[in-house]
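Participant: sequence and predicted structure below; questions after.
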Amino acid sequence: MFKHLSICAILLCSSFTFAAEKVNITTEQLEQVLNSAQECKTNGCLLVAQDNRIILEKGSGYADIEKNILNTTDSQFAVGSITKQFTAAGLLRCFYDKVQAENPSYTENQLITEVKQLVQKPISYFLEKEDPIWDANPPKWLDRITIHHLLTHTSGLYNYTASEECHSFINNPPSRAKEVVKIFSSKDLSFEPGEQYEYCNTGYFLVGLIIEKESGKSLGNYLKETFFGPLNMKSTFLPSKGNIATLEKEFPNLAKGHFYDLAEKDKAIYVSSYSEDMVYLQGCGALISTVADLYKWNQNLHVNKTVLSDGLLCMMTTPYQQIADGAHYGYGLVILNNAIWHNGMIAGYSAELYYYPQLNVTSVSLNNTTFPFDQISAIFKEAQENTDSNEAMHEYLLKHYPLFFANDYYKECSDIQLFLQEKCASSTPS
């Protein structure tokens, strides 16, 4: 799984600030914006909504190019690291509900205080050294890393999804979480917990394990009972095992992942043979969803406040850790100057989920065609070696690899976001 947040998306939103009055968005405006992206070979779905009203919802391209099956608005996609906000919200709700059950007379402020104390507890408070997950070999860092460190990517843990062992799971997937834990449990920390930010999937894998331990349920079942069911997110699930090839037999609306070939001038598209098994992604990236369900999620998280109480949502959206100019990491969410956002990417899929508070707009872009990770890693490494800032890196990629920005979800999604940024620039919270 790709381990970096989208630099381009962060740059898009962090350069704008609030201004005058709320602006209404129309379908005609969005369709006009998308006209410039019509030449792109986009496979995916897009939804934009404002004030409880869907303004634009469309599927485009292929769910399976080999079988000539088209994407529809009902198509399901792997959403990668968008999973993290569900995992973070799940942990906060798990803690909150447990404290409330043990202390039924507590006020809301007392409950939030207790939850804040729990996230400052070390991993060992929940996954003790004797826990079977460590297979009698507990990590040396168990007492040094707090849950807050895991949620904010400030733990210093080894990022297991970047390992060769993890890549070997493609052909030989693990049957238990223990096998995943072995990849990182003996690794030294790259820095002292809390000292710096480094995006790390390991933290959210562990948070998922803590939810399972505290709730007594699998992560997928806990999220279903706590969120997916009550919010009527009927097309969303977090599988405990299986890759896309096996899951699509059970879920016929699941779009198949495809790859562009960056070396091909004609933007060749082919079905991905690389398929990540969900057993080793879990809390950091195993979610499957649709544009409509993610809209329901945003609406109930940020507007209706039925997912979390005000106090818990405040914890989740606090800008704890700066990750770029105008961008901070909360719990499973990136807090930008005028948007709350996260992206996701796994083999053959990419996703963007935005909420613009002052416009009360949700924008969802789900895509089932990306570049192979080895090509992405190579061009980003090249750009980093030849530039000295995020802005310069973006310009380098645009100049030397225009194809990277001229197709995929990027063109449609970025055009929509630029349009919404301009509207934000003339809008203040209502």
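Facilitator: Received the coordinates, thanks.
Participant: contacts and neighbour counts: CA atoms only from here.
Facilitator: Fine.
Participant: excluding its backbone neighbours, what's nearest D51?
Facilitator: Excluding the flanking residues, the one nearest D51 by Cα to Cα, 6 or more residues apart in numbering is N360, at 5.9 Å.
Participant: nope, S363 is what I was after
Facilitator: V48 (4.5 Å).
Participant: report the contact partners of the one you found.
Facilitator: 54-57, 361-364 (Cα atoms under 8 Å, 6 or more residues apart in numbering).
Participant: find me the pLDDT at S6, would you?
Facilitator: At S6, the predicted lDDT confidence score is 54.
Participant: how about the secondary structure of the residue nearest to S363?
Facilitator: strand (DSSP: H, G, I helix; E, B strand; the rest coil).
Participant: N109 - how many residues pack around it?
Facilitator: Counted with other Cα atoms under 10 Å, residues neighbouring N109 total 10.
Participant: the stretch 101-250 of the chain: helices as residue ranges?
Facilitator: For the stretch 101-250 of the chain, the helices defined by DSSP state H, counting those that start in this stretch occupy 108-119, 147-151, 164-168, 177-184, 201-215, 219-223, 244-250.
Participant: reformat these as TSV; add mean pLDDT.
Facilitator: Putting the helices of the stretch 101-250 of the chain into TSV (pLDDT from 0 to 100) gives the following:
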stretch	mean pLDDT
helix 108-119	98
helix 147-151	98
helix 164-168	64
helix 177-184	87
helix 201-215	97
helix 219-223	97
helix 244-250	78
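Participant: of all the ones you listed, which lies closest to N337?
Facilitator: Closest to N337 of the helices of the stretch 101-250 of the chain is helix 147-151 (Cα to Cα; 20.5 Å).
Participant: does anything pack onto that closest one? Which helices or strands?
Facilitator: Applying 3 or more Cα pairs under 8 Å, 6 or more residues apart in numbering; DSSP states H and E, one finds that helix 147-151 contacts helix 108-119, helix 201-215.
Participant: that older thread, what's the most buried one of the helices of the stretch 101-250 of the chain?
Facilitator: helix 147-151 (a mean of 26; mean count of other Cα atoms under 10 Å).
Participant: show me the shaky parts of the stretch 151-300 of the chain.
Facilitator: 164-175, 261-277 (pLDDT under 70).
Participant: name the surrounding residues that touch stretch 105-125.
Facilitator: So stretch 105-125 is contacted by 92, 95-96, 99-100, 142-148, 311-312 (Cα under 8 Å, 6+ apart).
Participant: distance-wise, check Q120 relative to L150.
Facilitator: Distance, Q120 to L150, using Cα to Cα, to the nearest Å: 10 Å.
Participant: picking up where we left off before, out of the contacts of V48, which sit inside strands?
Facilitator: 54-57, 361-364 (DSSP state E).
Participant: ok, G61 - contacts?
Facilitator: 41-44, 70-71.
Participant: give me the phi and psi for it.
Facilitator: phi 70, psi -150 (degrees, to the nearest 10).
Participant: which non-adjacent residue is nearest it?
Facilitator: Closest to G61 by Cα to Cα, 6+ apart is N43, at 4.1 Å.
Participant: try H328
Facilitator: In space, H328 is closest to Q322, 4.1 Å off (Cα to Cα, 6+ apart).
Participant: do D293 as well
Facilitator: M233 (5.2 Å).
Participant: ok, that neighbour - contacts?
Facilitator: 227, 293, 296-297.
Participant: quick one on the thing from earlier: thinking the residue nearest to D51 is in contact with I25, fair?
Facilitator: No. The pair N360 / I25 is not scored as a contact, 10.2 Å apart, by Cα atoms under 8 Å.
Participant: need the residues touching each of those two.
Facilitator: Common neighbours of N360 and I25 (Cα under 8 Å, 6+ apart) are Q50.
Participant: what helices and strands are in contact with the helix or strand harbouring L420?
Facilitator: Using DSSP states H and E, L420 sits in helix 410-424. Helix 410-424 sits against helix 7-14, helix 27-35, with contacts defined as 3+ Cα pairs under 8 Å, 6+ apart.
Participant: give me that answer again for 7 Å
Facilitator: Applying 3 or more Cα pairs under 7 Å, 6 or more residues apart in numbering; DSSP states H and E, we find helix 410-424 packed against helix 27-35.
Participant: buried stuff in the helix it packs on?
Facilitator: 30, 33 (16 or more other Cα atoms under 10 Å).
Participant: what comes into contact with it?
Facilitator: 55-56, 412, 415-416 (Cα atoms under 7 Å, 6 or more residues apart in numbering).
Participant: want to throw these into JSON lines with pLDDT and distance to I65?
Facilitator: Shown next, in JSON lines, are the contacts of helix 27-35 (pLDDT from 0 to 100; distance: Cα to Cα, whole Å):
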{"residue": "I55", "pLDDT": "95", "distance to I65": "28"}
{"residue": "L56", "pLDDT": "93", "distance to I65": "24"}
{"residue": "E412", "pLDDT": "58", "distance to I65": "20"}
{"residue": "D415", "pLDDT": "77", "distance to I65": "25"}
{"residue": "I416", "pLDDT": "82", "distance to I65": "25"}
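Participant: out of those residues, which end up buried?
Facilitator: 55-56, 412, 415-416.
Participant: shouldn't F95 be within a helix?
Facilitator: Yes. Membership of F95 in a helix is supported by three-state DSSP.
Participant: quick one: residues contacting it.
Facilitator: The contact partners of F95, by Cα under 7 Å, 6+ apart, come to V115.
Participant: same question, G203
Facilitator: Contacts of G203 by Cα under 7 Å, 6+ apart are 150-151, 153.
Participant: how much space separates it from L219?
Facilitator: Per Cα to Cα, G203 is found 15 Å from L219.
Participant: right, I'll leave it there.
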